[in-house]
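Student: with the input below, show me the fold.
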Amino acid sequence: MRKIIGILLLLTGFLLLFYPQFERKKFDADQQELMNAFVQLGEWEEREIAESEKLQEEEDVIAPLQLADGVKGILEIDKIDLQIALFDQATEENLLKGVGIIEPEKEIGKQNIGIAGHRSTTKGKQFNRLGELKEGDRIQIKTYDDTYTFNVTKTYVVHQSEISVLKDQTDPMITLVTCTPLGSRNPPDRLIVQAQLIEGEEVK
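Tutor: Below you'll find the model as predicted:
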């Protein structure tokens, strides 16, 4: 019995010693994944934008929720006449057809949801007109089950390394991310539009 207890104590000691290192490695890996999403957005912008615009033209007549598997809902911004499919992951394939959630494990209406999208050179396509949004403009996300309305609170530009914009805040919100300036080749900066969930719209 003493031997078993000794082994258990030894294992507990190892766990206490190495757990912070494992935790740190996971944190670093998660941060690197977010960083990659910000950086790759610019790379995709340069390489795929022409193909993306072609797909948009071909699919404009199809309801966004019928475009492909993995669609979470529809992102609507009346101010810039935008209605676009919202995918549950910000993969290269998904961003050719719509916009994507950067951290799909997060819950809309409860956390800060990062949404990445291309800034098409064609006016009105994807996040082309995102820079026109101002404080007080409304953004809606319609899923299969709910509709969430957000109020724009901030618009600003950060370097692609500034993934801290995706951190959860006190209130539920969304953070829209796209490349800037418009038409620039592989730009290092990202346009950020943040909007808070309007009171009473959170998930019950």
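
Student: can you tell me the strand partners of the strand ranked longest in the chain and which way each runs?
Tutor: When the chain is parsed with DSSP state E, its longest strand is strand 147-159. Strand partners for strand 147-159, identified by DSSP bridges, are recorded as strand 138-143 (antiparallel), strand 189-197 (antiparallel).

Student: quick one, which of the ones you listed gets closest to Thr153.
Tutor: Distance to Thr153, taken as C-beta to C-beta, is lowest for strand 189-197 among the strands paired with strand 147-159, at 5.3 Å. Quick note: C-beta positions are derived from backbone N, CA and C, even for glycine.

Student: tell me, how many residues neighbour Pro181?
Tutor: Look at Pro181: counted by other C-beta atoms under 10 Å, it has 11 neighbours.

Student: tell me the buried residues in the longest strand of the chain?
Tutor: Buried residues in strand 147-159, defined by neighbour count with 16 or more other C-beta atoms under 10 Å: Tyr148, Phe150, Asn151, Val152, Thr155, Val158.

Student: neighbouring contacts of that strand?
Tutor: Strand 147-159 has contacts (C-beta atoms under 8 Å, 6 or more residues apart in numbering) with 108-109, 131, 133-142, 165, 173-174, 180, 188-198, 201.

Student: show me where this structure has helices.
Tutor: Remark: helices of the chain, listed N- to C-terminal, are 2-59, 92-97; assignment by DSSP state H.

Student: mean pLDDT for those helices: which is lowest?
Tutor: When these are compared on average pLDDT, helix 2-59 comes out lowest at a mean of 55.

Student: got CSV for the strands paired with strand 147-159, with mean neighbour count too?
Tutor: As requested, the strands paired with strand 147-159 are exported to CSV (neighbours: other C-beta atoms under 10 Å):
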stretch, mean neighbour count
strand 138-143, 19
strand 189-197, 21
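
Student: could you export those strands as a markdown table, including distance to Ser120 and mean pLDDT?
Tutor: Converted to a markdown table, these look like this (distance: least, C-beta to C-beta, whole Å; pLDDT from 0 to 100):
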| stretch | distance to Ser120 | mean pLDDT |
| --- | --- | --- |
| strand 138-143 | 18 | 94 |
| strand 189-197 | 13 | 96 |
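
Student: can you check which of those gets nearest to Gln126?
Tutor: Closest approach to Gln126 among these is made by strand 189-197 (12.4 Å; C-beta to C-beta).

Student: please save the CA atoms from that closest one in CSV.
Tutor: The C-alpha trace of strand 189-197 is given here as CSV (Å, rounded to 0.1, in the frame of the first residue of the first chain):
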residue,chain,number,x,y,z
ASP,A,189,-2.5,45.5,-41.7
ARG,A,190,-6.1,44.5,-40.8
LEU,A,191,-9.2,46.5,-40.7
ILE,A,192,-11.2,45.7,-37.5
VAL,A,193,-14.9,46.4,-37.0
GLN,A,194,-16.2,45.5,-33.5
ALA,A,195,-19.9,45.4,-32.6
GLN,A,196,-21.6,44.6,-29.3
LEU,A,197,-24.7,42.5,-29.0
